[in-house]
Each structure stands twice: as C-alpha cells, then as structure tokens.
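Participant: fold the stuff below for me.
(one chain, ligands or ions: 2)
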Amino acid sequence: MSSCFREWELPPQLREWNTLSCGLIRGGEDREQRIIGWFHPCVALRIRPISMAELEEGATLIAHKVDDQMVVLMDPMEDPDDVLRANRSREKSYMFDVAFDFTATQEMVYRATTKGLIEGVISGYNATVFAYGPTGCGKTYTMLGTDHEPGIYVRTLDDLFRAIEATSDNMEYEVSMSYLEIYNEMIRDLLNPSLGYLDLREDSKGVIQVAGITEVSTINAKEIMQLLMKGNKQRTQEPTAANRASSRSHAVLQVTVRQKSRVKNIMQEVRVGRLFMIDLAGSERASQTQNRGQRMKEGAHINRSLLALGNCINALSDRAGGKYVNYRDSKLTRLLKDSLGGNSRTVMIAHISPANSAFEESRSTLTYADRAKSIRTTVKRNL
Ligand code: ADP
Ligand code: MG
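Facilitator: Numbers count the residues shown, from 1 in each chain. Ligands and ions are numbered 1, 2, ... in the order given. You can find the predicted model right below:
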C-alpha cells in the first residue's frame, strides 16, 4: 500500500520557491521561516478486530471497511421507540485517506501513515501523528504495539536511524527522544517519573519546550522499545466503568532531529525537525465513565485537551482562513503549537471497535476524524 502523502511531491513553483528561500537562508539575508507548501493532514481510520469480551456479549459487527478508503457504519437501532433514529438512514459511509480493518498488519498501518514523514523530519520539518479514539479501540496497540508486533513508535525510529545512516551530505545528525504524559493538565516525564510535574517554557527561539525533561540520545530500536514499554507502565491508568484499564492520559513521544554542520571547526545547529507521536487519552465522554469525584475531574480535563484540540482543528480547517486558533486552552495544544498550527505535516489515525455496543462512540469518532480532513496547514522549514 502506498503512502497517503501524494502531496509530498511539491509542485514546480513551490520547489523553486524552496530553493530560493534556501539560497536566502544561506546568504543570511532572511532568518524567517519560509512557507513551502500547504498540506491537508492524512486521516486514517482503523477498525480493530472484535474482542473476546464483545463476542461473549453476543456483539454484532456494524463497522465495515468497504475499500482502501471507505468505511460504513450501520446504526443497530436497538431502541424501537427512537422515532428520530428510525427516520434516519441506517448506513452512513465515510471516506478517509486510508482505511484499515482487522486484516491490516502493523507494518501496513505504519507504511501508509507515518513512513512518509521521516524524510521531512530529517530535513528540518515538523510532523505530528495522533492516535485518536475511545478507550479500548487500539490506540496504544497502533502506537506502541507489542514485543512481537511493534507499533509506529519503534518502526519510525528504526527507519529514521536507517535514513540518517544513508544520507550522503556532510551534515551530522543528532537524534534525541523524550516521552511524557499529560494527565489532568499536568506533565510527567515517563522516562523519569521521579522528576515530578514539569512546566512548559518558550526557548530563546520561541519554541515551546518541556523544562527539565529527560532527553535520550540515539540508541538502537530494540532498546527504545524496552524504554517505551517501561515508560508506558508509568502511565496513569485507572479503572473506569468504560474500561478496566482505561488510559486517562495523553502519552507523547517527541523525537528531535538536529542537523549540524562544521563551520570553522565548530559544530553549529543548522536545522531542527520535530516529530510528535501521540497516544491520546480515550475520547469517550465523561458521562460514560459513570464516576464521580476524581474520575469526573479527569474526564473534564481529558475533554478539555481533546476539546481544545478539536477547536484548533476546527479553526485550522476553516476554509475561509483567518480564524483565531487558540492553543492556550490546554497543555496538549500549547505543546503542539509550533507543530499543529502552521508548521507540520499531520497524521491522525482514528480508532473504532466494530461492535454494535460501540455505535455511539464510533459515530462520534468518525465525525471528529471526518472534520480533521479539512484542516489546512502551511509547511515551513525550521531554522
Ligand atoms: P486503547 O489504547 O485505545 O485504549 P488498546 O490499544 O489498549 O486500546 O487496545 C485494547 C485491546 O485490543 C488490547 O488488548 C490490544 O492488544 C487489542 N487490540 C487493539 N487493536 C488491535 C489490533 N489491530 N489487532 C490486535 N489486537 C488489537
Ligand atoms: Mg491506550
């Protein structure tokens, strides 16, 4: 299956523009970021296999992949008195850049969504990959995966190291990664939780950074998997009525590629590319968790981040443009400001269960993902 980034091939006028801006940058005449193109995000939909628990409850399958891009969701209409629903069409189809069902392997999902971002990150562009969807629908499986079926994190890092090794320029590349969670609007380092809560700060170049976070430099992909598995165990997971081991936090793997060159025997940073890979907290509504107190508070915070993300997506997808994008509403959107807003290629992988019991959640997930398709972001090269 090919990558859904057909647009990566820039049209000739933009390629020229890119060359021109590089020339200016080298000449030192213009230190601003240069826009080199506009991209819509790649929005993918993955329907996970039916689970044992669903089978035991006698679930029926209501979500189907029709072809590589189309998914159909059928309203099970379990309430015969719901007149409003009875008058609605039972089947609704949705188109995405790419659709997967239980037959898709981890490699297929990775190749069609994320692999195409690597070249850009090495050359100094930002990219963000989101796993979105209700708890239990496969977000962590897609991003982290298992020892035998590693997910996007490890496959990306593996290919990133390989791509850097294959570069033929005279640059030096430094890869570092950090892994954090945002839980109740607080940031914790998953590689070193004893650091306590960390703050977001703007660095001298105006880039938002997590102050004091552990940055691990290049190690091999297998070691990274172990590190991430260990980090993932540190995530705040609490039982809720919706799922026994619900992920109540957003997990963010940030990979930074620094390109350096030697000028008069001193190594200088030339470009920085950042890749965020984010396993979002469950998108189920707070009301569905049927819990009070602490759990309700979490629900509100999770919704705050997801709502803020949704609002940013809405503002960014406003075709008329010029709509104010408010990144300040949550830690997640603040952290992603430089990426999500104007300067990133974005991939969203939405996840649903195929079972009838998940109908409402699947429908709202498909609607959210559908809206994300119309985001338009400008792509600039970082300096
Ligand atoms: P989430 O992170 O969205 O809460 P998980 O990734 O933990 O969901 O998935 C819930 C369960 O379903 C896990 O046991 C996971 O291994 C399994 N699962 C999810 N997606 C797939 C898939 N595509 N193939 C096989 N098992 C899956
Ligand atoms: Mg999870």
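
Participant: how long is stretch 97-115 end to end?
Facilitator: 15 Å (Cα to Cα, to the nearest Å).

Participant: buried ones in that stretch?
Facilitator: The neighbour-count check on stretch 97-115 (16 or more other Cβ atoms under 10 Å) flags 97-101, 104, 106, 109-115 as buried. Bear in mind the C-beta positions are built from the backbone N, C-alpha and C, glycine included.

Participant: again, but for stretch 203-211
Facilitator: Residues of stretch 203-211 classed as buried: 208-210 (neighbour count, 16+ other Cβ under 10 Å).

Participant: which residue is the nearest non-sequential neighbour of residue 127?
Facilitator: Sequence neighbours aside, residue 117 is the residue nearest to residue 127 in space, at 4.1 Å (criterion: Cβ to Cβ, 6 or more residues apart in numbering).

Participant: sec struct for that neighbour, please.
Facilitator: helix (DSSP: H, G, I helix; E, B strand; the rest coil).

Participant: which ones are touching it?
Facilitator: By Cβ atoms under 8 Å, 6 or more residues apart in numbering, residue 117 lies in contact with 5, 127, 129, 156, 275, 345, 347.

Participant: circling back to that earlier point, farthest-separated two in the buried residues of stretch 97-115?
Facilitator: 101 and 115 (20.0 Å; Cβ to Cβ).

Participant: ligand 2 contacts on the stretch 1-150 of the chain?
Facilitator: Proximity of the stretch 1-150 of the chain to ligand 2 (Cβ under 5 Å from the ion) is limited to residues 139-140.

Participant: and the helices in the stretch 1-150 of the chain, which stretches?
Facilitator: Counting by DSSP state H, counting those that start in this stretch, the stretch 1-150 of the chain has these helices, from start to end: 12-27, 52-56, 83-86, 106-113, 118-122, 139-143.

Participant: next secondary structure element downstream of the helix or strand harbouring residue 251?
Facilitator: Element membership for residue 251, per DSSP states H and E: strand 250-263. The C-terminal neighbour of strand 250-263 among helices and strands, as given by DSSP H and E, is strand 266-279.

Participant: what's the mean pLDDT across that next one?
Facilitator: Strand 266-279 shows a mean pLDDT of 89 in the predicted model.

Participant: same thing with stretch 100-115?
Facilitator: Here the average pLDDT along stretch 100-115 is 95.

Participant: how about stretch 163-170?
Facilitator: What stretch 163-170 shows for mean pLDDT is 86.

Participant: just how off-centre is that stretch within its chain?
Facilitator: When distances are taken as Cα atoms, centre = their mean, to the nearest Å, stretch 163-170 is centred 26 Å away from the chain's centroid.

Participant: begin at 653, not 1, for the rest of this chat.
Facilitator: From this message on, residue numbering opens at 653, which makes the last subject stretch 815-822.

Participant: residues making contact with that stretch?
Facilitator: Outside stretch 815-822, the residues within contact range by Cβ under 8 Å, 6+ apart are 770-771, 774, 825, 827, 909, 913-914.

Participant: so what's the residue in the chain that ligand 2 sits nearest to closest to, chain neighbours aside?
Facilitator: Nearest to ligand 2 in the chain, going by Cβ to the ion, is residue 792, at a distance of 3.2 Å. Using Cβ to Cβ, 6+ apart and skipping residues adjacent in sequence, the residue nearest residue 792 is residue 931, 5.5 Å away.

Participant: residues contacting that neighbour?
Facilitator: Counting by Cβ under 8 Å, 6+ apart, residue 931 touches 783, 791-792, 795-796, 899, 902-904.

Participant: what does the stretch 753-902 of the chain have sitting close to ligand 1?
Facilitator: The stretch 753-902 of the chain comes close to ligand 1 at residues 785, 787-793, 899, as judged by Cβ under 6 Å from any ligand atom.

Participant: show the subsequent helix or strand relative to the helix or strand harbouring residue 964.
Facilitator: Here residue 964, judged by DSSP H and E, is contained in helix 946-968. Next helix or strand after helix 946-968 toward the C-terminus (DSSP H and E): helix 983-987.

Participant: please save the CA atoms from that next one in CSV.
Facilitator: Taking Å, rounded to 0.1, in the frame of the first residue of the first chain, the C-alpha atoms of helix 983-987 are listed here in CSV:
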residue,chain,number,x,y,z
LYS,A,983,-1.2,21.8,27.8
LEU,A,984,-1.6,19.5,24.8
THR,A,985,-2.4,22.2,22.3
ARG,A,986,0.3,24.5,23.8
LEU,A,987,2.9,21.8,23.4
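
Participant: mean confidence for the helix or strand following that helix?
Facilitator: Counting by DSSP H and E, the next helix or strand C-terminal to helix 983-987 is helix 989-992. Per-region confidence: helix 989-992 scores 76 on mean pLDDT.

Participant: mind checking how far helix 989-992 is from the chain centre?
Facilitator: Going by Cα atoms, centre = their mean, where helix 989-992 is centred and where its chain is centred differ by 12 Å.

Participant: other SSEs contacting that helix?
Facilitator: Helix 989-992 is packed against strand 778-784, strand 918-931, strand 996-1004, with contacts defined by 3 or more Cβ pairs under 8 Å, 6 or more residues apart in numbering; DSSP states H and E.

Participant: same thing but 6 Å
Facilitator: Counting contacts by 3 or more Cβ pairs under 6 Å, 6 or more residues apart in numbering; DSSP states H and E, helix 989-992 packs against no other helix or strand.

Participant: mind checking which helix or strand of the chain has the lowest mean pLDDT?
Facilitator: helix 664-679 (a mean of 30; mean pLDDT, DSSP states H and E).

Participant: that older thread, looking at the contacts of residue 769, which is nearest ligand 1?
Facilitator: Using Cβ to the nearest ligand atom, residue 781 comes nearest to ligand 1 of the contacts of residue 769, at 14.4 Å.

Participant: who are the contact partners of that closest one?
Facilitator: The contact partners of residue 781, by Cβ atoms under 6 Å, 6 or more residues apart in numbering, come to 766, 929, 999.

Participant: show me the shaky parts of this structure.
Facilitator: 653-692, 731-732, 735-740, 870-871, 889-899, 937-955, 969-975, 993-995, 1027-1035 (pLDDT under 70).
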